[in-house]
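**Q** Give me a model of this one.
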Amino acid sequence: MKSAATAVLAAALLAATACAPVIEGGPPIALPIGLQETAQVGSITLSTGWLDAEEDFSGTFSDEVHEELSRCMWGTAPINVRVHIDEMQRAGRLETLFEGDGVHTLSGTVEFVDPADGNRVLGRFPVSVATSARGRIGGLLGDRQMMVSEEFGRAVCEQAFGRNPRDRGPHNATGG
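**A** Residues are numbered from 1 along each chain as shown. Below you'll find the predicted structure:
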């Protein structure tokens, strides 16, 4: 009986902390100028206050953001990235089909932390993005989570490092 109660308590604690923000929070902090040239993307940790996404959102988001950051963080000092997503809205597939286009939005807070210094926060800022559903076909068949995650990663590069990791064009999911 005692082990069953312990298991229930452990499950309740895990459920309560699974969606807890991984960020420390606080006011925005600009990345130090030197770090902008020496940082290399390490791990990406994601948290949300909701679970209104396909089950693979965390994997898709982490992969896309890591890909974008690896294009703008070309240094050698590993820096981990923590992201807490506050809101995500995806254009409905049928709505996009009927209206001809739609918009996917994503907003959250990003923290850059130094794993070699006890995960000290080196930079923090809010990020909000909106990207097109890419017309009727893109809205119906496109990977909405990939599109908005890629746009989020690009926005992090622009805000933290002042550079867009990709040339604009149709060679990526968002064309931007």
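**Q** Helix or strand next in line after the worst-scoring helix or strand of the chain on mean pLDDT, which one?
**A** The weakest-scoring helix or strand in the chain, judged by mean pLDDT, DSSP states H and E, is helix 2-18 (a mean of 38). Using DSSP states H and E, the helix or strand that follows helix 2-18 towards the C-terminus is helix 33-38.
**Q** Run through the neighbouring helices and strands of that next one.
**A** Judged by 3 or more CB pairs under 8 Å, 6 or more residues apart in numbering; DSSP states H and E, the packing partners of helix 33-38 are strand 77-89. The way it works is simple: take the backbone N, C-alpha and C, and place the C-beta from them, glycine included.
**Q** Can you dump the C-alpha atoms of the strand it packs on in CSV for me?
**A** Only the C-alpha atoms of strand 77-89 are listed here, as CSV (Å, rounded to 0.1, in the frame of the first residue of the first chain):
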residue,chain,number,x,y,z
ALA,A,77,31.8,27.9,-26.6
PRO,A,78,28.7,25.6,-26.0
ILE,A,79,25.7,27.6,-24.8
ASN,A,80,22.4,25.9,-23.9
VAL,A,81,19.1,27.4,-24.9
ARG,A,82,15.9,27.2,-22.8
VAL,A,83,12.6,28.2,-24.3
HIS,A,84,9.2,28.6,-22.7
ILE,A,85,6.4,28.8,-25.2
ASP,A,86,3.5,31.0,-24.0
GLU,A,87,1.2,30.7,-27.0
MET,A,88,0.9,29.0,-30.3
GLN,A,89,-1.9,29.4,-32.9
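**Q** what mean pLDDT does it have?
**A** Averaged across strand 77-89, the pLDDT comes to 93.
**Q** what does the average pLDDT come to for the helix or strand where Val127 lies?
**A** Per DSSP H and E, Val127 falls inside strand 120-132. Summarised as a single mean, pLDDT over strand 120-132 is 93.
**Q** And it, how far out from the chain middle?
**A** 8 Å (CA atoms, centre = their mean, to the nearest Å).
**Q** Same question for stretch 144-151.
**A** The chain centroid and the centroid of stretch 144-151 are separated by 9 Å, computed with CA atoms, centre = their mean.
**Q** same thing with stretch 30-41?
**A** On CA atoms, centre = their mean, the centre of stretch 30-41 falls 19 Å from that of its chain.
**Q** hmm, who's touching that stretch?
**A** Residues from elsewhere that reach stretch 30-41 (CB atoms under 8 Å, 6 or more residues apart in numbering): 66, 69-70, 73-79, 81, 112, 122-123, 125, 160-162.
**Q** Pull out the buried members of these.
**A** Buried members of the contacts of stretch 30-41, counted by 16 or more other CB atoms under 10 Å: 66, 69, 73, 79, 81, 112, 122-123, 125, 160-161.
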